[in-house]
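>>> Quick one: sequence and predicted model below, then my questions.
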Amino acid sequence: MEQGVLSIAAFTALMGVLSTLVALPLGIGAAFLLARRSFAGKPVVETLMALPLVLPPVATGFLLLQLLALDSAVGRALDAAGIEVVFTWKAVVLAMAVMNFPLIVLTVRAGFEQVDVRYERVAATLGAGPFRVFLTITLPLAARSIVAAAILGFARALGEFGATIVVAGGIPGQTQTLAVAIFNLTEAGREADANRLLLVSMALAFGAMLLANLIQRRKPVA
Amino acid sequence: MIRLDFAVTLRQGVFTLEVADAASVEVLGVFGPSGSGKTSLLEVIAGLRTPDTGHVRVADRLLLSTEQRVNVPPHHRQVGYVPQDVALFPHLDVRGNLLYGAPSRSRIPLHDSRLPSPDSRHDLEQICTMLEIAHLVDRRVADLSGGERQRVAIGRALMSAPRILLLDEPLTAVDRSRKDRILPYLLRIRRELHVPMVYVTHDWREMHAIADRVLVLEAGRVGEVRSEK
């Protein structure tokens, strides 16, 4: 690891932001369905989505690796399109996104459930179709939860290790994140360097969690 | 005057709402104690609740028919619904609330038939003047008094150019002395805008003052029909 601390931190933060940008819109969609619609097999869908929270991250990574392998349909399609994922930064984003997705869904869903359906119903009688109601009523009233979810997802992504190392490999200068670098350094017995990265990790995580807490605690609009 | 024709059967646990009426009215009063099914009836007309069987026709437009499998979604019904708790949008100011349902070119698809007819196109100024809420437009909803909220909610419904206004106990949230101040606004709407209404209340005084036909609901059924004028 002859990569600077700042460069590792910046790379990790960038990957965290990208993974949140990927997971957030999907998470908002999933959270809305779970909060407002009932459909067949809902408990199963709910459970599947929460699975990465409890599955060993390494197992999730292994699952992703097999999904992207060249002998799988997804892997072949990506290969045909000339897109390389495994052991690249895209794998880092993917692993982080899969891991922070359930956290985002849980947080946003709780936010949607706090939005009183009375407002949505009245908006409908005023001529707003379901999509406009979602954009102009549900989403703004749940804004605080959505911002908190994004920050929590980002913070979660920063610490992601297990899935990342399996699909992205933790290649120094290419796919090495803070968590992976700390692991590599302790393995190599370079504790002083590991400690510096530890401090950076703590500062990032502390800042993100503090922000998320402050946002969620502010007095609600409704 | 508008022709209002409905027949509704709605089972909710042990309670069954079974009401029907067909008449031309300016203001149809629905009178009854709480739990008699008044709000459910309004929600069925607004499209917020689907009955087990029945139909709803406002003027010449069929909004619901379980038999013909017609169920126009609430956002295409052109009903101005003012729920009992008014439900002003807390994240918008008064102006934002008033304009939420206002038809504008950009909001109405070309093929949409709900373009307002000229006499139902009410502008913000006219409605604010009539309800005396012009001085409130830049206020936050949280800063309004009970009576002001009520008037803003009525204004918001009127701004959507409804064919019919559905009012659920519009005066219960305000105390006795204020009631006498809100009722004149409603009478003005009736007189000046000619917007027909379905007016739900459990207060006979209000009913006398505003309705020209009254359905008395008792435990989910029409007990009596009265013509007031």
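Thanks, I have the structure now. Fair warning: this is a prediction, and the values are worked out from it, not measured in the lab. Numbering: from 1, shown residues only, chains lettered A, B, ... in the order given.

>>> what about residue 17, is that helix, strand or coil?
Reading this off chain A. Three-state assignment for A:Val17 (DSSP: H, G, I helix; E, B strand; the rest coil): helix.

>>> nope, chain B please
strand.

>>> can you count the residues close to it?
Residues lying near B:Leu17 (other Cβ atoms under 10 Å in any protein chain shown) number 24. No exception for glycine: its C-beta is placed from N, CA and C like everyone else's.

>>> just B:Val8 next, same as before
25.

>>> secondary structure class for it?
strand.

>>> How about it: what's its closest non-neighbour residue?
B:Gly54 (4.0 Å; Cβ to Cβ, 6 or more residues apart in numbering or on different chains).

>>> what about the host helix or strand of the one you found, average pLDDT?
According to DSSP states H and E, B:Gly54 maps onto strand B:53-58. Averaging pLDDT along strand B:53-58 yields 96.

>>> Format the CA atom coordinates belonging to the following helix or strand past it as CSV.
Sequence-wise, the next helix or strand downstream of strand B:53-58 (DSSP H and E) is strand B:61-65. Presented in CSV, the C-alpha positions along strand B:61-65 are these (Å, rounded to 0.1, in the frame of the first residue of the first chain):
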residue,chain,number,x,y,z
ARG,B,61,-71.4,11.9,-15.7
LEU,B,62,-71.2,8.3,-14.4
LEU,B,63,-68.5,8.2,-11.8
LEU,B,64,-69.1,4.7,-10.5
SER,B,65,-71.1,1.7,-11.4
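
>>> just to revisit the earlier point, direction included, what does the strand holding B:Gly54 pair up with?
As defined by DSSP bridges, the strand partners of strand B:53-58 come to strand B:2-12 (antiparallel), strand B:61-65 (antiparallel).

>>> any idea how far the residue nearest to B:Val8 is from chain A?
As judged by Cβ to the nearest Cβ, to the nearest Å, B:Gly54 and chain A stand 19 Å apart.

>>> so what's A:Ile151 up against?
Applying Cβ atoms under 8 Å, 6 or more residues apart in numbering or on different chains, we find A:Ile151 in contact with A:208-209, A:211-212, A:215.

>>> Between the residues you listed, which sits nearest chain B?
Using Cβ to the nearest Cβ, A:Ile215 comes nearest to chain B of the contacts of A:Ile151, at 15.6 Å.

>>> Tell me how far the closest one lies from A:Ile8.
Going from A:Ile215 to A:Ile8 by Cβ to Cβ, to the nearest Å gives 27 Å.

>>> would JSON lines of the strands paired with strand B:53-58 with distance to B:Arg77 and mean pLDDT be doable?
Listed next are the strands paired with strand B:53-58 as JSON lines, based on distance: least, Cβ to Cβ, whole Å; pLDDT from 0 to 100:
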{"stretch": "strand B:2-12", "distance to B:Arg77": "13", "mean pLDDT": "93"}
{"stretch": "strand B:61-65", "distance to B:Arg77": "6", "mean pLDDT": "95"}
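
>>> Near chain A, which residues of chain B are found?
B:46-48, B:73-81, B:83, B:85, B:87, B:89-91, B:100-101, B:103, B:107, B:114, B:156-157, B:160, B:166 (Cβ under 8 Å from any Cβ of the partner chain).

>>> can we see that at 7 Å?
When proximity is defined as Cβ under 7 Å from any Cβ of the partner chain, chain B approaches chain A at B:46, B:48, B:74-75, B:79, B:81, B:83, B:85, B:87, B:89-91, B:100-101, B:156, B:160.

>>> Skipping adjacent residues, who's closest to A:Ala205 in space?
A:Ala155 is the one closest to A:Ala205 (Cβ to Cβ, 6+ apart), at 5.6 Å.

>>> quick one: contacts for the one you found?
By Cβ atoms under 7 Å, 6 or more residues apart in numbering or on different chains, the residues touching A:Ala155 are A:205, A:208-209.

>>> Please name the nearest non-neighbouring residue to the residue of chain A at minimum distance from chain B.
Per Cβ to the nearest Cβ, A:Leu126 is where chain A lies closest to chain B, at 2.9 Å. Spatially, and ignoring its direct neighbours in sequence, A:Leu126 is nearest to B:Gly101 (2.9 Å; Cβ to Cβ, 6+ apart).

>>> picking that back up, any chance of CSV for the contacts of A:Ile151, columns pLDDT, distance to chain B and neighbour count?
Formatted as CSV, those follow (pLDDT from 0 to 100; distance: Cβ to the nearest Cβ, whole Å; neighbours: other Cβ atoms under 10 Å in any protein chain shown):
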residue, pLDDT, distance to chain B, neighbour count
A:Ala208, 89, 26, 21
A:Met209, 88, 26, 13
A:Leu211, 89, 21, 16
A:Ala212, 84, 21, 20
A:Ile215, 84, 16, 18
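
>>> nearest to A:Val147, of those residues?
Nearest to A:Val147 among these is A:Ile215, at 5.4 Å by Cβ to Cβ.

>>> What are the buried residues along the helix or strand containing the closest one?
Using DSSP H and E, A:Ile215 falls within helix A:191-217. The neighbour-count check on helix A:191-217 (16 or more other Cβ atoms under 10 Å in any protein chain shown) flags A:193-194, A:197, A:200-201, A:204-205, A:208, A:211-212, A:215-216 as buried.

>>> Which strands or helices does it pack on?
Contacts defined by 3 or more Cβ pairs under 7 Å, 6 or more residues apart in numbering or on different chains; DSSP states H and E place helix A:191-217 against helix A:5-36, helix A:143-159, helix A:178-187.

>>> pLDDT score assigned to B:Asp175?
pLDDT, B:Asp175: 63.

>>> give me the residue from chain B nearest chain A.
For chain B, Cβ to the nearest Cβ, closest residue to chain A: B:Gly101, 2.9 Å.
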